[in-house]
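**Student:** Need a 3D model of the sequence below.
(4 chains)
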There are 2 protein chains.
Amino acid sequence: MIMSKTTIVDIALALGITPSTVSRALAGNKKIKESTREAVRAKAKELGYERNEVASNLRRGVTKTVGIIVPRINREFFSSIISKAEEVLVEAGYSLLICQTYEKAENEKRALKTLSSSRLAGIMISHSAETPSSKAIKETIHGSKIKLVQFDRVFEDLPGSRVVNDDFNGAYTAVKHLIERGYKKIGAMVGYDTCLAFVNRYKGYEAALKEAGMPVDSALVFPETIVRETGYANAGKAIDAGCDALYSSGDFSALGALECALERGLRVPEDFAIVGTANESFTALTTPSMSSVDQHPSDIGRQAAEAMLRLLNGDTAGEEIIVDTELIVRESTGGKNNKSNKSLIL
Amino acid sequence: MIMSKTTIVDIALALGITPSTVSRALAGNKKIKESTREAVRAKAKELGYERNEVASNLRRGVTKTVGIIVPRINREFFSSIISKAEEVLVEAGYSLLICQTYEKAENEKRALKTLSSSRLAGIMISHSAETPSSKAIKETIHGSKIKLVQFDRVFEDLPGSRVVNDDFNGAYTAVKHLIERGYKKIGAMVGYDTCLAFVNRYKGYEAALKEAGMPVDSALVFPETIVRETGYANAGKAIDAGCDALYSSGDFSALGALECALERGLRVPEDFAIVGTANESFTALTTPSMSSVDQHPSDIGRQAAEAMLRLLNGDTAGEEIIVDTELIVRESTGGKNNKSNKSLIL
DNA sequence: TATAATTGTGCAAACGTTTGTAAAAAATAA
DNA sequence: TTATTTTTTACAAACGTTTGCACAATTATA
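**Tutor:** Numbers count the residues shown, from 1 in each chain, chains lettered A, B, ... in the order given. As a prediction, this is how the structure comes out:
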């Protein structure tokens, strides 16, 4: 027995009332008599009624869906953000649509178009590394009531809210830790200067050195070093230049650096120390285990989602939220073999 | 200048034609004169027209959105599936909505309701471990034209397509490998028997032993062992029972087992061998590195998405797709220190 | 030239809901 | 009782698109 979906009209007909009353009753409108509301609810249940969100969305001019745009879904950092954001949004009655850009500006543009076309309530975005400016988003947002929350990788000239790590402090703390452990020549593997997060981390590195009265040597700073291969290669250069420690803007490049140091017969952490960024779960499992700056991606996801809900409720026009970082000290900087890692429970 | 979105009516008015013609022109309908089509396209661009998908969806009775329901997004296995599925679906003009169940049957039910209410074109689902039967899904699907693709964790009494690993063979190959390496008493850490995948893996384990003329001792089989803690605990029991090798249905339990063996002073792989399942990226980084059965999650994601597209196109009523597994041999079973791992490139 | 076939557009209804306004019903006040 | 207020429900339009059918315009056939 194939049955077409029941509508409010079916319910109205069955009860001898009008669709508008049914609609209001189901919405819990106080203007509708308690007894009618009950009758409607009962009949709805009886007929297996399910609201057609599409029709509702069209009429209301906005959906109960939020889109999230990230470079890649299968990156622990992003999937943790998405996971928590989904939890918060679902709790508030919203759904989450995902798009990934693979770091391509072009894909980001396409994703924005799709989301805008679907009249989403809001967009949460972490820009692709290749996106040169906020132009494409500005055009999408302009004149539409769509709400915007940027996280992690943000542009500062866009409306809406932003959620970022305390990147400066994360790097500062990591480098200060290296200094306190007695390392004398500390290099840095950093990212792209189009990206604020990387710039701020570099500043933190610089500040920690200056505070300790140590020179900042640009020959020991390796830009655009965020993958394993470049980490491996540039660690070699750093070692050749006499570094006894490396701060890295990423865990994958730190992993490459660790492999390079070990291959060269250096003892880690006795001869050479490494601290990474992101606290990817694998950092707890390398030998030696790696110190890393945890970015609390779950918190970023929660904060971003909550900021979105506030925008949607009209509670705010935009805010800037800073999520703190946390240095996890492990063997690669002389800590204990702390293999525990929440993300590896299951 | 706040401008409300342009509609096809605006375009029609501007060109002195009707909305229906505009609609057809934009759809590329051949019945519309080439010159009109061009004029419409030009005007649409000029006015910054963007199709209202919501209205389109309502009229057509179906959306261009597919929902995906998984236990957890931030699990490497699932995020890899989602990532590839998203890529395939976007390519075909669909969007992807995500829901996670945290392994709770109740959340799965709610997710299904949401997706059904939003009139999605299809649902891709990997069931929560706690979902006892296909009942909830059956009710959601029943009488609706929504398409269903199950992957990884499936029920066999549901319509639509299924994408699963060759779990039997994955386990069989892994255990056979242990036998060939000379291990004599091989235990198994398996999952829940409500889940077909786990059952099939157990069968593969059993088959490999039988084929080699080795006894299958139920005292060496540890059910419901998929997390690190139970892996650690049950590995202790296995060692006490005289095992010299363990096959595990998961990498996290295998990790626990590895830690247990090392703590007890056993040499891995000389005294004790371990092979896990899923080839999580961390398996390449432990010391010793761990052998594991790769499930090719990306392939699962691609196959599931393509199966969904075929269902949506009406090319098929349902199919069963088997994705092959691949044993990655590393140090924990006497292989070389193969640290390379595609998921760790960046 | 008339007729038929073909091609290109217009008309209007429909998708299922929400909501402003009007009207009916019930309750209260005069 | 009638007038007034309050409560409850109905009416109808709207959201922006798609699409079956009808009709007009054009071209081909007789």
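**Student:** Pull the distance from the lowest-mean-pLDDT helix or strand in chain A to the chain's centre.
**Tutor:** Taking mean pLDDT, DSSP states H and E as the measure, the helix or strand of chain A with the lowest value is helix A:135-141, at a mean of 83. Put simply, helix A:135-141 sits 20 Å off its chain's centre (C-alpha atoms, centre = their mean, to the nearest Å).
**Student:** Kindly report the same for stretch A:8-24.
**Tutor:** 44 Å.
**Student:** Start and end of it, how far apart?
**Tutor:** One end of stretch A:8-24 to the other measures 10 Å (C-alpha to C-alpha, to the nearest Å).
**Student:** rewinding a little: can you dump the C-alpha atoms of the least confident helix or strand of chain A in CSV for me?
**Tutor:** C-alpha atoms of helix A:135-141 as CSV (Å, rounded to 0.1, in the frame of the first residue of the first chain):
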residue,chain,number,x,y,z
LYS,A,135,35.7,39.0,-2.3
ALA,A,136,33.7,35.8,-3.3
ILE,A,137,32.1,35.6,0.1
LYS,A,138,31.3,39.2,0.2
GLU,A,139,29.4,38.9,-3.1
THR,A,140,27.5,35.9,-1.8
ILE,A,141,26.6,37.5,1.5
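**Student:** hmm, that helix in reach of chain B?
**Tutor:** No - counting by C-beta under 8 Å from any C-beta of the partner chain, chain B has no neighbours in helix A:135-141; the shortest distance is 8.8 Å. C-betas here are computed from N, CA, C, even on glycine.
**Student:** Mind listing what's buried along that helix?
**Tutor:** Neighbour counts over helix A:135-141 (16 or more other C-beta atoms under 10 Å in any protein chain shown) mark A:136-137, A:140-141 as buried.
**Student:** what packs against that helix?
**Tutor:** Helices and strands in packing contact with helix A:135-141 are listed as helix A:105-117; criterion 3 or more C-beta pairs under 8 Å, 6 or more residues apart in numbering or on different chains; DSSP states H and E.
**Student:** Give the buried residues for the helix it packs on.
**Tutor:** Within helix A:105-117, the residues that count as buried by 16+ other C-beta under 10 Å are A:105, A:107-109, A:111-112, A:114-117.
**Student:** Just the residues contacting it, thanks.
**Tutor:** Under the contact criterion C-beta atoms under 8 Å, 6 or more residues apart in numbering or on different chains, helix A:105-117 has outside partners A:67, A:69, A:97, A:99-101, A:123, A:125, A:127-128, A:130-132, A:136-137, A:140, A:144, A:146, B:50-53, B:90, B:95.
**Student:** and that helix, how far out from the chain's middle?
**Tutor:** In terms of C-alpha atoms, centre = their mean, the gap separating the centre of helix A:105-117 from the centre of its chain is 18 Å.
**Student:** Repeat that for stretch A:112-130.
**Tutor:** On the basis of C-alpha atoms, centre = their mean, the separation between the geometric centre of stretch A:112-130 and that of its chain is 14 Å.
**Student:** Same check on stretch A:131-141?
**Tutor:** On the basis of C-alpha atoms, centre = their mean, the separation between the geometric centre of stretch A:131-141 and that of its chain is 19 Å.
**Student:** same question, stretch A:9-28
**Tutor:** So, by C-alpha atoms, centre = their mean, the centroid of stretch A:9-28 is 43 Å from its chain's centroid.
**Student:** circling back: can you add pLDDT and distance to DNA strand D and give the buried residues of helix A:105-117 back as TSV?
**Tutor:** Shown next, in TSV, are these (pLDDT from 0 to 100; distance: C-beta to the nearest atom of the strand, whole Å):
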residue	pLDDT	distance to DNA strand D
A:A105	90	27
A:N107	93	24
A:E108	93	23
A:K109	91	20
A:A111	93	20
A:L112	92	18
A:T114	89	15
A:L115	91	16
A:S116	88	12
A:S117	87	9
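**Student:** Name the nearest of these relative to DNA strand C.
**Tutor:** For DNA strand C, the nearest member of those is A:S117. The distance, counting by C-beta to the nearest atom of the strand, is 16.9 Å.
**Student:** Run through the residues that contact A:R37.
**Tutor:** Contact partners of A:R37, counting by C-beta under 8 Å, 6+ apart, are A:25, A:28.
**Student:** repeat for A:N57
**Tutor:** Taking C-beta under 8 Å, 6+ apart as the criterion, A:N57 is in contact with A:63-64, A:119, B:54.
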